[in-house]
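Asks: coords please:
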Amino acid sequence: MARFSWLWVAAMAVTMVACSGGREEDLSCDDVSQCSDGTQCIDGLCQTTDNAALSATAVSAGATIPVLIIDGTGNTCEAQKCTKLPYGTQVTFRAGSDPGYRFTHWSGTAECKGTNIDLVIPNLQQSANCVANYVKRVKVSAHTSGGEGGVIATSDSPFAVCNGGVCTVDAGAPVKLRADERFGQRFTGWSGAGCGSATTFETTVTAAGDLMCVANFVERIVVSAEAMNAKTDIAVASDGGVCEPNSCVLDKGGNATLTAPVVPKFRFAGWSGSAGCVGSDPVLRFSALQKSESCLATYTPRVTVSGSSSGAEPPPAITALSSDLYAACNGGSCDTDVGGGVTLLAGSTEGFRLTGWSGPKCEAETGAAVTLTEVTEDAQCVANYLQGIAVIGAVVGAPGEVTASSTNPAAVCAEGGCVIDIGADVTLTAPSPAGYRFLGWDGDEGCTSSEVTIAFPSVSSSRTCYARFAARYLVRGTVAPQAGGSVVATSASPGAVCENDNCTLDGAGEVTLTVTSRENYRFSGWSGGGACTGTEPTVRIANVQGNTTCQANFVGRFTVAGIAAPVGGGSVVASSDSGAASCTGATCQVDRGSRVSMTATAAEGFRFVNWSGCPGANGATLTLEGIAQDQACTATFTPLRYTVGSSVAPADSGT
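Replies: Residues are numbered from 1 along each chain as shown. Next comes the predicted model:
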């Protein structure tokens with residue numbers, strides 16, 4: 001009985017062990033504490049270590065970047081996965097790298113924690129599934145319009161790497177951009193997709209991808225003005241500019257207006273200075289400015305010459321006149337430029353005679369007309385009268401004096417006039433100054449006449465007569481070279497006399513010069529200064545104030561032709577970079593000194609051989625420099641030649 005019991009107990013023990021083992025393998029678990037000794041919690045079941053089949057897998061989040069798994073033996077698992085790893089195995093997860101991403105941390109199952117690129121699990125006790133997490137790296141770069149540099153990029157974000165105008169940061173991290181101020185330029189704002197539209201030097205941007213920002217500047221230019229000869233400010237205005245008296249700072253491409261004010265005792269004479277400062281109007285306008293302009297508003301000082309009378313009642317009228325271009329006369333007064341001239345005419349009144357002039361500038365004058373020349377300061381002249389009778393003649397508009405005479409023995413005649421008794425006679429004769437045309441007499445009653453001599457019998461009261469003249473000027477046109485063409489002068493001004501290429505006419509008249517080109521010449525423009533400018537064939541010389549010569553300039557024209565030989569062997573095309581060239585097909589008409597190119601093109605079945613008739617050829621394209629005569633260049637072509645051969649096969653079968 002005792003022996004039986006022992007065997008039964010042993011058998012039961014074996015059975016219990018086997019059953020117990022089976023139950024442990026079927027037992028589900030969450031961790032090893034739920035399993036009996038000798039088993040481990042593997043894949044949610046309590047299993048013996050001998051049957052352990054652990055796995056390790058890895059993926060990357062945020063980027064397609066390979067992640068390595070290295071098992072305990074140093075082998076790298078394929079496809080980011082290791083299987084059938086025994087308990088206690090050391091496994092290393094290694095995060096890969098990519099310039100466009102930054103590794104941040106590990107996540108996944110419990111063992112997958114850390115921020116090192118290598119995650120080491122020294123004693124693997126359960127399957128592991130680890131995720132390598134990445135953040136995208138973006139580059140924010142900036143530069144200034146018109147070139148690199150001039151912008152500093154910074155970021156307080158961790159892991160930011162900044163250098164000059166470039167920051168590399170995690171996606172979504174802020175980057176601060178600051179543009180440097182530029183001398184002579186104005187900052188207009190930022191541009192670029194995602195770069196905002198800030199108009200201040202500093203802006204902050206965030207980016208999900210690479211950004212390129214541009215700090216935009218516009219060049220600033222200065223328009224300035226200064227008054228010359230007069231103390232005054234010039235008004236300078238511009239839309240969008242920063243302006244003050246005499247200057248404006250504005251954007252390149254902007255507009256500006258300069259205004260020269262009216263200055264008492266001065267005349268605005270015109271603008272000068274840099275290239276755009278041209279004009280005679282007090283208002284000078286600039287549009288689409290591309291560079292700074294510095295202008296001078298030139299003023300010419302003015303003087304006033306006036307006349308009055310003394311000693312006669314009622315006071316005789318004084319007339320002031322001037323031939324100066326910019327003179328302004330009214331009654332007995334003229335305003336004119338410093339250095340100009342004014343003539344004062346003294347009238348007459350019954351019962352009184354003119355005795356002479358007084359005043360700082362005219363003490364020695366005794367005639368009815370007093371002319372002040374090269375006046376540098378204001379002048380006041382007084383015509384003085386006494387009781388009596390005088391007939392006086394004065395010359396207006398020319399040098400010289402009127403000759404006065406009388407048959408009355410008691411008459412006193414001198415310096416253009418006679419002092420006489422009532423009933424005496426007087427004769428006045430106008431002079432004949434060279435370069436002037438006598439226009440006639442005018443003045444007091446009885447003085448009107450077109451004759452050079454005017455007579456007054458039985459004079460009973462004083463009178464003053466004026467012999468008026470007009471300066472005569474020659475306006476002519478010349479040509480250069482002489483063979484280039486001709487000029488015809490015409491004028492509709494009163495008293496003008498025109499002949500072929502010239503007109504003689506009174507001052508302030510007008511002449512028109514018209515040019516005609518001869519064959520093989522081209523009119524290139526007028527020269528001579530003043531109104532003698534332009535490239536139109538007709539030029540108008542208005543308000544003639546002196547002898548004027550305008551030169552019509554011509555340039556010789558030559559024909560350069562290309563000829564293909566034989567006809568049909570090819571073609572020639574002529575061209576020229578001369579601005580006045582006229583080219584058609586193989587022919588160019590050009591100015592003297594121009595350049596002409598010719599290109600020869602062979603027809604099918606021909607080849608180009610050479611040029612003849614024109615030196616310097618080297619190839620199918622010929623360039624002729626400094627054309628000074630008509631030229632013909634021949635491009636020679638020749639038919640292509642071929643070699644035709646034959647053979648027999650086999651060699652001894654025939655010929």
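Asks: pLDDT at the nearest residue in space to Asn408 that is not next to it in sequence, what is it?
Replies: Of all residues beyond its chain neighbours, the one nearest Asn408 is Ala424 (3.6 Å), with distances taken as Cβ to Cβ, 6 or more residues apart in numbering. For every residue, glycine as well, the C-beta is placed using N, CA and C. In the prediction, the pLDDT value recorded for Ala424 is 93.
Asks: and Ala424, how many neighbours does it have?
Replies: For Ala424, the number of neighbouring residues by other Cβ atoms under 10 Å comes to 21.
Asks: With Gln629 instead?
Replies: Around Gln629 sit 9 other residues, with neighbours defined as other Cβ under 10 Å.
Asks: Who does the closest residue to it other than its chain neighbours form a beta bridge with?
Replies: Distances taken as Cβ to Cβ, 6+ apart place Phe558 nearest to Gln629, at 5.9 Å, with adjacent residues excluded. Beta-bridge partners recorded for Phe558 (DSSP bridges): Val590.
Asks: same check, this time on the one 5 residues further on
Replies: When bridges are assigned using DSSP bridges, the partners listed for Ile563 are Thr634.
Asks: Was I right to think it contacts Gln631?
Replies: No - Ile563 sits out of contact with Gln631 when judged by Cβ atoms under 8 Å, with a separation of 10.8 Å.
Asks: From Trp190, how far out is Ala198?
Replies: To Trp190, Ala198 is 5 Å away according to Cβ to Cβ, to the nearest Å.
Asks: out of the two, which sits in the busier spot?
Replies: Looking at Ala198 and Trp190 with other Cβ under 10 Å, you find the greater number of neighbours at Trp190, namely 23 against 16.
Asks: For the more buried one, report the pLDDT, please.
Replies: According to the per-residue confidence, Trp190 scores 92 in pLDDT.
Asks: now it, which residues is it bridged with?
Replies: Partner residues in beta bridges with Trp190: Ala215, with DSSP bridges as the criterion.
Asks: Pull the contacting residues for it.
Replies: With contact set as Cβ atoms under 8 Å, 6 or more residues apart in numbering, Trp190 has these partners: Leu177, Ala179, Gly196, Ser197, Ala198, Thr199, Thr203, Cys213, Val214, Ala215, Asn216.
Asks: Show the buried residues in the residues you listed.
Replies: Among the contacts of Trp190, those that count as buried by neighbour count (16 or more other Cβ atoms under 10 Å) are Leu177, Ala179, Ala198, Thr203, Cys213, Val214, Ala215, Asn216.
Asks: Among the residues you listed, which has the minimum pLDDT value?
Replies: The member of the buried ones among the contacts of Trp190 with the lowest pLDDT is Ala198, and it reads 82.
Asks: what about Ala208, neighbour count?
Replies: Neighbourhood size, Ala208 [other Cβ under 10 Å]: 10.
Asks: wait, isn't it in contact with Ala173?
Replies: No - judged on Cβ under 8 Å, Ala208 makes no contact with Ala173 at a distance of 10.6 Å.
Asks: any idea which element the closest residue in space to Ser272 that isn't next to it in sequence lies in?
Replies: Counting by Cβ to Cβ, 6+ apart, Leu296 is the residue found nearest to Ser272 once chain neighbours are left out, at 4.9 Å. Using DSSP states H and E, the secondary-structure element containing Leu296 is strand 293-310.
Asks: pLDDT of that strand, averaged?
Replies: When the per-residue pLDDT values of strand 293-310 are averaged, the result is 94.
Asks: Thr464 versus Gln80, what's the distance?
Replies: Distance from Gln80 to Thr464, by Cβ to Cβ: 125 Å.
Asks: Give me the more crowded residue out of those two.
Replies: Thr464 (25 against 19).
Asks: helix/strand/coil for the more buried one?
Replies: Under DSSP: H, G, I helix; E, B strand; the rest coil, the three-state class of Thr464 is strand.
Asks: Excluding covalently adjacent residues, which one is nearest to Ala207?
Replies: For Ala207, the nearest residue in space outside its immediate sequence neighbours is Val138; the separation is 4.8 Å by Cβ to Cβ, 6+ apart.
Asks: That neighbour: what's it in contact with?
Replies: For Val138, the contact set (Cβ under 8 Å, 6+ apart) comprises Thr168, Val169, Asp170, Ala171, Ala207, Ala208, Gly209, Asp210, Leu211.
Asks: Are we agreed that it is in a helix?
Replies: No - secondary structure of Val138, determined by three-state DSSP: strand, with no helix assignment.
Asks: hey, what's it bridged with?
Replies: Each beta-bridge partner of Val138 is listed here, defined by DSSP bridges: Val169.
Asks: One more: Ala600?
Replies: The residues that Ala600 bridges to, once DSSP bridges is applied, are Val572.
Asks: list the contacts for it?
Replies: Shown here is Ala600, whose contacts under the criterion Cβ under 8 Å, 6+ apart are Gly562, Ala564, Gly570, Ser571, Val572, Phe608, Trp611, Ala620, Thr621, Leu622, Ala635, Phe637.
Asks: any idea how far Phe217 is from it?
Replies: Ala600 sits at a distance of 53 Å from Phe217 (criterion: Cβ to Cβ).
Asks: Enumerate the positions of stretch 434-448 that are buried.
Replies: Tyr436, Arg437, Phe438, Leu439, Gly440, Trp441, Gly443, Asp444, Cys447.
Asks: out of those residues, which are inside strands?
Replies: Cross-referencing the buried residues of stretch 434-448 against strands under DSSP state E gives Tyr436, Arg437, Phe438, Leu439, Gly440, Trp441, Gly443.
Asks: excluding its backbone neighbours, what's nearest the residue at minimal distance from the centre of the chain?
Replies: For the chain, the residue nearest the mean C-alpha position is Gln290 (3.5 Å; Cα atoms, centre = their mean). For Gln290, the nearest residue in space outside its immediate sequence neighbours is Lys252; the separation is 6.2 Å by Cβ to Cβ, 6+ apart.
Asks: Might one say that Phe523 is in contact with Glu536?
Replies: No - with contact defined as Cβ under 8 Å, Phe523 does not count as touching Glu536 (9.1 Å).
Asks: and those two? which has more neighbours close in?
Replies: Phe523 (19 against 12).
Asks: Retrieve the pLDDT associated with the more buried one.
Replies: pLDDT, read off for Phe523, is 90.
Asks: For it, give its distance to Arg540.
Replies: Shown here: Phe523 relative to Arg540, a distance of 16 Å by Cβ to Cβ.
Asks: ditto for Ala480
Replies: Plainly put, Ala480 is 21 Å away from Arg540 if you go by Cβ to Cβ.
Asks: Likewise for Gly509?
Replies: In this structure, Gly509 lies at 12 Å from Arg540, with Cβ to Cβ as the measure.
Asks: Pick out whichever of the two has more residues nearby.
Replies: Neighbour totals were compared for Gly509 and Arg540, and Gly509 leads with 23 against 12 (other Cβ under 10 Å).
Asks: check contacts around Ala173.
Replies: Taking Cβ under 8 Å, 6+ apart as the test, what Ala173 contacts is Ser155, Ser157, Ala160, Thr206.
Asks: Next, give phi and psi for the third one.
Replies: What that stands for is Ala160. Summarising the backbone geometry of Ala160 under the convention degrees, to the nearest 10, its torsions are phi -70, psi 140.
Asks: ok, it touching Val169?
Replies: Yes - taking contact to mean Cβ under 8 Å, the distance of 4.5 Å between Ala160 and Val169 places them in contact.
Asks: When the two are compared, which one has more neighbours?
Replies: For Ala160 versus Val169, the count of surrounding residues by other Cβ under 10 Å is larger for Val169: 25 against 17.
Asks: In this structure, where is pLDDT below threshold?
Replies: Scanning the chain for pLDDT under 70 picks out 1-27, 32, 36-43, 47-52, 146-149, 616.
Asks: What is the burial count for Ser582?
Replies: Neighbours of Ser582 under the rule other Cβ under 10 Å: 13.
Asks: Tell me the spacing between the closest residue to it other than its chain neighbours and Ser653.
Replies: Closest residue in space to Ser582, ignoring its immediate chain neighbours: Gln589 at 4.7 Å, by Cβ to Cβ, 6+ apart. Summarising the geometry, the distance separating Gln589 from Ser653, computed by Cβ to Cβ, is 68 Å.
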